[in-house]
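A.B. asks: Using only what follows, build the 3D model:
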Amino acid sequence: MPKQGLASIGIKTTIKEHELNYVTGIGDIGGEPSSLDATCLKDKIAKSVPGVQKNEGHNIDILFDNSDAESDYRKIKAMEGEVVSVVHEFPDGTQFATTAYVSIKINAVKVDELIGATIKCDLQSDWTDTNPTT
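C.D. replies: Okay, here's the model as predicted:
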């Protein structure tokens, strides 16, 4: 019987070959197609057909760290300008993968908060999903 929900604890995110250390959030996975108007003069209701799938981009939020060569910030900064693999593995073993140009920015900083950064993924391919093995 399927589980009733799945906690986000244990999600692994890998960009190129670097497993991110301090992910705090991931954006939507997948997109939806645009709606193309297919309504004709004889129709009494508006009709549409699916068009190109829109992916509004994909963001990954992390805690900022630049203290050594293995820090997420340095690794992602070095990948800017190239198309790399992006993989999220959920605790049940499901994997979602795509390719994207990545860039990283430091988020606004406030008193009494951890410094965060956002990895922006400009998708270059559709998401593929791999089901867990049972």
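A.B. asks: correct me, but residue 133 touches residue 92?
C.D. replies: No: between residue 133 and residue 92 there is no contact under C-beta atoms under 8 Å: 10.5 Å. Where you see a C-beta, it was placed from the backbone N, CA and C, and this is true even at glycine.
A.B. asks: and the two? which has more neighbours close in?
C.D. replies: residue 92 (12 against 5; other C-beta atoms under 10 Å).
A.B. asks: measure the residue nearest to that one when sequence neighbours are not counted to residue 89 for me?
C.D. replies: Closest residue in space to residue 92, ignoring its immediate chain neighbours: residue 132 at 5.2 Å, by C-beta to C-beta, 6 or more residues apart in numbering. Counting by C-beta to C-beta, to the nearest Å, the gap from residue 132 to residue 89 is 9 Å.
A.B. asks: With residue 106 instead?
C.D. replies: From residue 106 across to residue 89, the span is 26 Å (C-beta to C-beta).
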